[in-house]
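>>> Provide a 3D model corresponding to the input given below.
(one chain, ligands or ions: 1)
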Amino acid sequence: MSKPAVLKLDDKEFEFPTIEGVEDEKAVDFRTLRSVSGYVSFDEGYGNTGSCQSEITFIDGEIGILRYRGIPIEQLAEKSDFLESSYMILYGDLPNQTQLDAFRASIRDNTPVSPLMGAALKGFPSDSPPMGMLGAMLSALSCYSPELATNDRAKDLENFDQAASTAIAQTATAAALAYRVTKGLEGNQPDPSLSFHDNFLHMMFSEPGKAYEAIPEVSRALDLMLLLHADHEQNCSTSTVRMVASGGANLFASVAAGVGALWGPAHGGANMAVIKMLEEIKASGDDGSKFIEEAKSGKRLMGFGHRVYKNFDPRAKIIGQACDNLLNKLDIDDPCLDIARHLEQAALADDYFISRNLYPNVDFYSGIVLRALGIPADMFTVMFAIGRMPGWVANWREIAMHPKMKINRPRQIYQGPALRDYVPLESRT
Ligand code: CMC
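Predicted structure coming up:
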């Protein structure tokens, strides 16, 4: 039993239990703080708040550790693939052959979207942001498959396997269709003979009479990129999914909210922002040297820094290597990639970035990999969402299965006007 924490407030002492995680993370359990003392804890940005106890993903940002269900990301990147790791993230353990075959079949069988959903996607203007279309379509899954989205926790859990496969598979289908709409192209029907990633590339890039030809290195890079994004504990979008789920909302409504949370440039939008930044640097005639100086006085070097990783981002190490291999294999000559390499080297040797623990994060390289795969920049955050879907779904399930789950409801410290009277319209200036 760990020792309780003692807090002295207004000359009174209060004791609070402490909690230890399996990797020795320590927390003070302040759940009774307000009821016993009248105070609440204040932690804007939640940098110090454990919002839940979870069994899915472990991160130690100080030393660059990321594990899904206990297994290091390095091992999964080398030996597993996106769907096998997704199964483990969802259900807790690596699947045996029968379970894996059944899961792959379920993903394949749930890949085609309802024709109504295909038609709805066609109704979006061709200049729509694909993230906006994806969020709308995931939310609309509760209309196309209402039996999987009842907002009755017991029923939704009964149908969880089907709902999870639908969310993972149809995120990829909706993403590819969204891309085709923005290009003014007809959608491609899924090809059930292909793997998850090759089918995605086919749905994106096949043309009438000219099927997309998979290049093994491209397929592997895409699968790796998805696997590396599959979960990342209580980040902004996953916390959003849990928040929505805590109110009892169905899986599709919860993950649709995750898409909205992921969209911003400080989170999933960073991979797109990296490429935008590289293109702007190129257009200005800079090789990155001028930009590095500007990033020390206000501008953000996109793809650098992380709220949790303060040493290195283990995903960045893996994808950085894969990025090099891919570019060499495809023999790509892209000035933006030269600028990226220059920025990376300059920042890693510069005291401003070193002293603030600013290292390349996964998005610095994933943007470059996606560009090399021929995926346009406005689809990058959508690609992140396809990868993150298993993590969101697993977090929804953890909430739904929690026997004592309460609605998530933070408090605030009110700093607005003190009590004042209503002023009639005619008396206002
Ligand atoms: N470029 C230049 N300076 C930076 C950067 C950057 N990318 N990131 C942080 N800083 C500076 C910041 O100005 C501050 O300096 P000072 O102490 O002099 O005021 C210091 O470093 C600490 O910054 P912070 O904003 O307090 O750090 P944070 O932990 O709140 O922010 C972050 C983390 C990821 C939002 C931020 O580093 C950032 O905006 N990076 C660029 C966007 C990006 O790549 N986001 C993707 C994150 S990885 C994907 C994901 O998991 O969602």
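
>>> which residues in the chain form strands?
With DSSP state E as the criterion, the chain has strands at 5-9, 12-16, 18-20, 26-28, 57-60, 65-68, 71-72.

>>> tell me what the fifth one is packed against?
The helices and strands touching strand 57-60, judged by 3 or more Cβ pairs under 8 Å, 6 or more residues apart in numbering; DSSP states H and E, are strand 65-68. All C-beta spots, glycine's among them, are computed from the backbone N, C-alpha and C.

>>> need the helices for the stretch 1-150 of the chain, in chain order.
Along the stretch 1-150 of the chain, the segments classed as helices by DSSP state H, counting those that start in this stretch run 33-37, 73-79, 82-91, 97-109, 115-122, 130-144.

>>> Same list (the strands of the chain) but as a markdown table, adding mean neighbour count.
Converted to a markdown table, these look like this (neighbours: other Cβ atoms under 10 Å):
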| stretch | mean neighbour count |
| --- | --- |
| strand 5-9 | 12 |
| strand 12-16 | 12 |
| strand 18-20 | 12 |
| strand 26-28 | 15 |
| strand 57-60 | 20 |
| strand 65-68 | 21 |
| strand 71-72 | 14 |
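
>>> Distance to G258 added to those strands, as JSON lines?
Supplementary listing: these in JSON lines, determined by distance: least, Cβ to Cβ, whole Å:
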{"stretch": "strand 5-9", "distance to G258": "33"}
{"stretch": "strand 12-16", "distance to G258": "32"}
{"stretch": "strand 18-20", "distance to G258": "26"}
{"stretch": "strand 26-28", "distance to G258": "25"}
{"stretch": "strand 57-60", "distance to G258": "15"}
{"stretch": "strand 65-68", "distance to G258": "17"}
{"stretch": "strand 71-72", "distance to G258": "23"}
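
>>> possible to save those as TSV with distance to the ligand?
Conversion of the strands of the chain to TSV gives the following (distance: least, Cβ to the nearest ligand atom, whole Å):
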stretch	distance to the ligand
strand 5-9	25
strand 12-16	27
strand 18-20	24
strand 26-28	20
strand 57-60	10
strand 65-68	11
strand 71-72	18
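
>>> nearest to L201, of those?
L201 sits nearest to strand 65-68 of all those, at 24.3 Å, using Cβ to Cβ.

>>> gap between the closest one and the chain center?
Distance, stretch centre to chain centre, for strand 65-68: 15 Å (Cα atoms, centre = their mean, to the nearest Å).

>>> Begin at 37, not 1, for the rest of this chat.
With 37 as the first residue, the last one maps to strand 101-104.

>>> what's next to that strand, contact-wise?
For strand 101-104, the surrounding residues in contact (Cβ atoms under 8 Å, 6 or more residues apart in numbering) are 92-95, 108-109, 112, 121, 124-125, 266-268, 350-351.

>>> Now the stretch 37-186 of the chain against the ligand: closest residue?
Taking Cβ to the nearest ligand atom as the measure, the stretch 37-186 of the chain has G81 as its residue closest to the ligand, at 7.0 Å.

>>> burial of that residue, as a residue count?
Neighbour count for G81, taken as other Cβ atoms under 10 Å: 7.

>>> Once you drop chain neighbours, what's closest to A293?
Sequence neighbours aside, V280 is the residue nearest to A293 in space, at 4.5 Å (criterion: Cβ to Cβ, 6 or more residues apart in numbering).

>>> Tell me how many other residues surround the residue of the stretch 337-465 of the chain found nearest the ligand.
Each residue of the stretch 337-465 of the chain has a distance to the ligand, by Cβ to the nearest ligand atom, and the smallest belongs to G341, at 2.3 Å. Here the number of neighbours of G341 (other Cβ under 10 Å) works out to 21.

>>> what residues are up against it?
Residues near G341 by Cβ under 8 Å, 6+ apart: 392-395, 397.

>>> ok, how many other residues are close to the closest residue to F139 other than its chain neighbours?
On the basis of Cβ to Cβ, 6+ apart, the spatially nearest residue to F139 that is not a chain neighbour turns out to be Y123, at 4.8 Å. The criterion is other Cβ under 10 Å. On that basis, Y123 has 24 neighbouring residues.

>>> can I assume Y123 is in contact with Q135?
Yes - taking Cβ atoms under 8 Å as the contact criterion, Y123 and Q135 are neighbours in contact, 6.8 Å apart.
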